[in-house]
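In: turn this into a structure:
(2 chains)
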Amino acid sequence: MSAVWNFIEKQLLGMQWLKEGVHALLSLSGMNMESRIADSMVFFIYDTIKIFILLSVLIFGVSYLQSYFPPARTRKILGRFHGLSANLMGALLGTVTPFCSCSSIPIFIGFASAGVPVGVSLSFLISSPLVDLGAFLLLLSVFGLKIAAAYVIVGIILAVLGGALLDKLGMEDQVEEFIRLTPVAEAQQETLSWKDRCVYGKNQVASIVRKVWKYVLIGVGIGAVIHNWIPQEWVVNLLGSGNPFSVILATAVGIPMYADIFGTIPIAEALWARGAGLGTILSFMMAVTALSLPSIIMLKQAIKPKLLGSFVAVVVVGILLIGFGFNAATPLFL
Amino acid sequence: MEIKLIGAGCPDCDKLKASTEEALKELGIDAQVQRVSALRDIILLGVMTAPSLMVDGKLVISGQAASTAEVKRQLEKLL
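Out: Numbering: from 1, shown residues only, chains lettered A, B, ... in the order given. From the prediction side, this is the model:
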């Protein structure tokens, strides 16, 4: 059983065969494979190909699944839950609902206008970019099951508790009036055939690849530099779990970055290999994906400054706590 | 035919608009594509994903930049 799992993790998702293939091809070209430049090139070529293959296959599969959970259906499901379980449902549905920053606000407004509590909508809004099935499988291929599962679980906990906390702060009046006053409407739509779902999956792959390819290349490029050219002691001193400021630094650097989780993973992968702390890496990935300037600007149209500020504060504090917690608990994951 | 293209200005919205116009031309349908981009109007139509295409009040494409061929296939179903 563990041999099968090992095969899935190392070969199917991790694509060790590809790494060996790239290595073999480069050495055929007469390159000195012991050199740093060769090692960087292997990292760059292997990671780029791996990420694009996984990205395409995973997005297609996940989109096919997502086509069963359009926002209108998600809204209906959410309406059946109350209290913390509603937050949990919101966070879980956030992982399988199509998410693009141009859809996040209409979805949020659609929820709010239908009377879904603000806290539940916010749980959804936090988990949507942060935790997604495709990202989980990619994390699995790079970091293995324990760390991938830890990322997803703490991401969902952050979404649930963050949303619940904002609800407790009494923010119902912080949603813009025009949203609360807009009547609920639902467009009629035919049920999709399997062909419609395949077309949808294919379009999602094309749209996401068009959007993220440059972030992936930049991310892999930075990763290749960190992997071979930045001295290990620097990474350990600056970002190792022994440095208490590493989490704060990683979060502060991550928030203004606007990239996709797929562009962030290669950087995290290289930092991890060079001795950065586990919590530091998780904080970095979460800060990049959960908060970005474009999404905050869009959110500003829908909610008032007080809620927007509290939303950002809760997410930042949550990410910091996750970072410190995981750095302290790193031995459990090795 | 009343055709609404729903989306608040993302690159995918422009793509869907272009393929819709192309599909209409190929099918010889004389109709204007009306752009709906104000948030409130989008919500009033009951749409939560962008870009989407609504024909005579019915959502035919939701949340994707469909190709010309795909828009044509959907429009032909309604003819």
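In: residue closest to the middle of chain B?
Out: Closest residue to the average C-alpha location of chain B: residue B:53 at 2.5 Å, with C-alpha atoms, centre = their mean.
In: an error on my part: the question was meant for chain A.
Out: Central residue of chain A (C-alpha atoms, centre = their mean): residue A:130, at 3.9 Å.
In: quick one, what contacts that residue?
Out: Contacts for residue A:130 (C-beta atoms under 8 Å, 6 or more residues apart in numbering or on different chains) come out as A:94, A:155, A:158, A:159, A:286, A:289, A:290. The C-beta positions use only the backbone N, C-alpha and C, and glycine is treated the same way.
In: skipping adjacent residues, who's closest to the residue in chain B that chain A sits nearest to in space?
Out: Relative to chain A, the nearest point of chain B is residue B:46 (3.3 Å; C-beta to the nearest C-beta). Excluding its sequence neighbours, the residue lying closest to residue B:46 (C-beta to C-beta, 6 or more residues apart in numbering or on different chains) is residue A:185, at 3.3 Å.
In: have a look at chain B and report the helix or strand with the lowest mean pLDDT.
Out: Ranked by mean pLDDT, DSSP states H and E, the helix or strand of chain B with the weakest confidence is helix B:39-44, at a mean of 81.
In: which strands and helices sit next to that helix?
Out: Contact here means 3 or more C-beta pairs under 8 Å, 6 or more residues apart in numbering or on different chains; DSSP states H and E; on that basis helix B:39-44 packs against helix A:101-113.
In: ok, now with 6 Å
Out: Of the remaining helices and strands, none touches helix B:39-44 by 3 or more C-beta pairs under 6 Å, 6 or more residues apart in numbering or on different chains; DSSP states H and E.
In: report the buried residues of it.
Out: B:39, B:42, B:43 (16 or more other C-beta atoms under 10 Å in any protein chain shown).
In: put the alpha carbons of that helix into CSV.
Out: Output of helix B:39-44 as CSV, limited to C-alpha atoms (Å, rounded to 0.1, in the frame of the first residue of the first chain):
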residue,chain,number,x,y,z
LEU,B,39,-22.5,45.5,-10.4
ARG,B,40,-26.1,46.2,-9.4
ASP,B,41,-27.4,45.3,-12.9
ILE,B,42,-25.4,42.1,-12.9
ILE,B,43,-27.0,41.1,-9.5
LEU,B,44,-30.4,42.1,-10.7
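In: which residues are in contact with that helix?
Out: Residues outside helix B:39-44 that contact it (C-beta atoms under 6 Å, 6 or more residues apart in numbering or on different chains): A:106, A:109, A:178, A:182, A:185, B:6, B:36.
In: in the strand or helix carrying residue A:73, which residues are buried?
Out: Assigned by DSSP states H and E, residue A:73 falls within helix A:71-79. Going by neighbour count (16+ other C-beta under 10 Å), the buried part of helix A:71-79 is A:71, A:72, A:74, A:75, A:78.
In: setting aside sequence neighbours, what's the nearest residue to the second one?
Out: In this structure, residue A:72 finds its nearest non-sequential neighbour in residue A:186, 5.4 Å apart by C-beta to C-beta, 6+ apart.
In: where does pLDDT dip in the chain?
Out: All of this refers to chain A. Counting by pLDDT under 70, chain A contains low-confidence ranges at A:97-104, A:334.
In: wait, chain B was what I had in mind.
Out: Across chain B (using pLDDT under 70), the flagged ranges come out as B:9.
In: ok, which residues in it are in contact with chain A?
Out: Taking C-beta under 6 Å from any C-beta of the partner chain, the part of chain B that reaches chain A is made up of B:10, B:12, B:40, B:42-50, B:58-59, B:63-65, B:70.
In: among these, name the ones in helices.
Out: B:12, B:40, B:42, B:43, B:44, B:70 (DSSP state H).
In: quick one, what contacts the first one?
Out: If a contact means C-beta under 6 Å, 6+ apart, then residue B:12 has A:207, B:51, B:65 as its contacts.
In: so how far is residue B:17 from the last one?
Out: Look at residue B:65 and residue B:17: by C-beta to C-beta, to the nearest Å, they are 10 Å apart.
In: quick one, which of the two is more surrounded?
Out: Neighbours were counted for residue B:65 and for residue B:17 using other C-beta atoms under 10 Å in any protein chain shown; residue B:65 has more, 24 against 17.
In: does the more buried one really touch residue B:15, like I thought?
Out: Yes. Assessed by C-beta atoms under 6 Å, residue B:65 is found in contact with residue B:15 at 4.1 Å.
In: helices of the stretch 1-150 of chain A, start to end?
Out: A:2-7, A:16-28, A:36-66, A:71-79, A:83-96, A:101-113, A:118-130, A:133-143, A:145-168 (DSSP state H, counting those that start in this stretch).
In: quick one: contacts of the last one?
Out: Under the contact criterion C-beta under 6 Å, 6+ apart, helix A:145-168 has outside partners A:84, A:87-88, A:91, A:117, A:119, A:122-123, A:126-127, A:130-131, A:136, A:139-140, A:310, A:314, A:318, A:322, A:333.
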